[in-house]
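Structure of the sequence below:
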Amino acid sequence: MSPEEFRQAGHQLIDWIADYRAGLAGGPVRSSVQPGDIAASFSVDPPTEPTTIEHLLDQLDKVVVPGMTQVQHPMHFGWFPSNASLASVLGDIASSGLGGLGISWESCPPLTEVEEVVCDWMRTLTGLSSAWRGTIHDTASSACLVALLSARERATGFAQSGGGLSSVAEPPVVYATAQAHSSVRKAALLGGYGADHVRIVASDPATYAMDPTNLVELMAIDAANGLRPAAVVATVGTTGTTAIDPLPEIVVAAAAHRAWVHVDAAMAGTAMLLPECRPLWNGVEGADSLCWNPHKWMGTILDTSLYYVRDVEHLVRVMSTNPSYLQSSADGQVTQYRDWGLPLGRRFRALKLWFHLQLDGVEAIQHRLRRDLRNAKWLAAQVEETPGWELMAPVPLQTVCVRHRPSAEVGDSVLDAHTIAWCDRINASGEAYLTRARLDSQQSTGQSNAGSWMVRVSVGVEATDHAHVARLWDLMRREAEGTSQ
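This is a model prediction of the structure:
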């Protein structure tokens, strides 16, 4: 494809994307495709001759779009906001068009230095001190793995340079609550800690936040038994309920063992763009690392996960291999982001954030976040005021966890079946999309509770306004209690 052919096809693609976004609200949120339907639409033989952009756009219309769950749809309230602002889409296109090679500063100086600039902008915008330095990973899962690798090496005196964990007298231990994201356990397993050295800390039965007293107890027991408390993963905005772990107490508990504190604020970090929300992560300055994803609620297109550390020298010592073919005269004067994470080659991800911040503006993003918070509070108030409905957790941010109880006498199994049924009916209708989940918990007594089924309403799609939330509440009442307001 020549530059001129690209120009013509690109114009058509941009027009197609604009039309697709403009018409999203008119279609269903979730498709009705069955497993294998999409693949069956394609030939089993790979293409041998070139086709036209018109043919590809037609295939997008007929095959791809009808099979998608439309997370940009204003009636999407599932999982978490996964916004992809069109301003950041343009940055993604620019990144791909430039085709920069991010294996070192020398291979693409702007890729490194624009990333440094936008990470520092985001640090300032969320009220973090200058002690933090950041980079952009693909997801919070990767950031968590890097954090636990850093914690492992601090706890073991850089055992990776010798015999690894097999040579360690005091095996390291990771601590998190049952509310923490599943990537925490995966990172601990991949990081070599082992399932036997992952501790589930009790959570408060009302707020679902980490119980710092139980954390202190567990760490003391492990230390007395010849283990090394190595890392605490504290969550600001848990996946299930957006619970906020108490960072000041966690930092103090961890410091007694020189354990690493990683703060996972993947979704909730966006709220820190609002000065009034920053008290939610008081104590963060005492942590060792933190991550949050602009590719969620803020709306910078996937994959854009910010990872900040306080001790860059330690991070580089853990992650660096520095092969000779990548060494240059700039070493020692510049940031080499290949030493800040897992991959060697990196995309020019910073352009997505740069375009988003410059074209949309921070004030517009803040205005939208405040709108979402108001809408979530409104929905929570409707739930509290309506007989038969209950909030399953506090609502510190934009996620509302609800359940409808048909009668006071209904048993747990019947209640769970009812919850699953009305949620599934809404999703199958295509009118809206919600996610249901079990509200798992672990008490300080050591008892684990599988929890009851609830429905999570995650408010925050860029196009969602109050009318959409009100419409959802009407759908919820219609499907759960057979009424319409």
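
Please enumerate the helices of the stretch 351-485 of the chain.
Remark: helices assigned in the stretch 351-485 of the chain by DSSP state H, counting those that start in this stretch are 362-385, 412-429, 466-481.

now, of those, which is deepest in the fold?
helix 466-481 (a mean of 18; mean count of other Cβ atoms under 10 Å). Every C-beta, even on glycine, is put in place using the N, C-alpha and C of the backbone.

now the angle from it to helix 412-429?
130 degrees (axes from the mean of the first three to the mean of the last three Cα atoms, to 10 degrees).

Excluding chain neighbours, what is closest to the residue sitting nearest the centre point of the chain?
Centroid-nearest residue in the chain: Ala266, 3.9 Å away (criterion: Cα atoms, centre = their mean). In space, and not counting its chain neighbours, Ala266 is closest to Ala140: 3.9 Å by Cβ to Cβ, 6 or more residues apart in numbering.

Hmm, Ser328 is touching Ile103, no?
No: applying Cβ atoms under 8 Å as the test, Ser328 and Ile103 come out as separate, 11.0 Å apart.

between these two, who's got more neighbours?
Higher neighbour count among Ser328 and Ile103: Ile103, with 18 against 14, using other Cβ atoms under 10 Å.

ok, that one to Glu313 distance?
21 Å (Cβ to Cβ, to the nearest Å).

can you check Gln382 too?
For Gln382 relative to Glu313 (Cβ to Cβ), the value is 52 Å.

What does the closest residue to Leu145 other than its chain neighbours show for phi and psi?
Nearest residue to Leu145, sequence neighbours excluded (Cβ to Cβ, 6+ apart): Ala187, at 4.1 Å. The phi/psi pair for Ala187 (degrees, to the nearest 10) reads phi -60, psi -40.

Isn't Ala187 up against Ala151?
No: using Cβ under 8 Å, Ala187 is not in contact with Ala151, being 9.9 Å away.

Quick one: classify the residue nearest to the centre of the chain as helix, strand or coil.
coil (DSSP: H, G, I helix; E, B strand; the rest coil).

Next up, the contacts around it.
By Cβ atoms under 8 Å, 6 or more residues apart in numbering, the residues touching Ala266 are 140, 181, 237, 291-293, 296, 305.

do that again at 6 Å, thanks
140, 292-293 (Cβ atoms under 6 Å, 6 or more residues apart in numbering).

Compare these and tell me which has the most neighbours.
When neighbours are taken as other Cβ under 10 Å, the top entry among those is Trp292 (29 neighbours).

Quick check: closest non-adjacent residue to it.
Gly269 (2.2 Å).

Same check on Cys291?
Ala143 (3.8 Å).

Per-residue pLDDT of that neighbour, please?
With respect to pLDDT, Ala143 scores 97.

The helix or strand where Glu313 lies: which residues count as buried?
Element membership of Glu313 [criterion: DSSP states H and E] is helix 312-319. Residues of helix 312-319 classed as buried: 314-319 (neighbour count, 16 or more other Cβ atoms under 10 Å).

circling back to that earlier point, who are the contact partners of the residue nearest to Ala266?
266, 291, 293, 305.

Which ones among the residues you listed map onto helices?
Using DSSP state H, no member of the contacts of Ala140 falls in helices.

Is it possible to get TSV of the residues you listed that adds distance to Tyr337 and pLDDT?
Output for the contacts of Ala140, formatted as TSV (distance: Cβ to Cβ, whole Å; pLDDT from 0 to 100):
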residue	distance to Tyr337	pLDDT
Ala266	20	96
Cys291	15	98
Asn293	18	98
Ser305	14	97
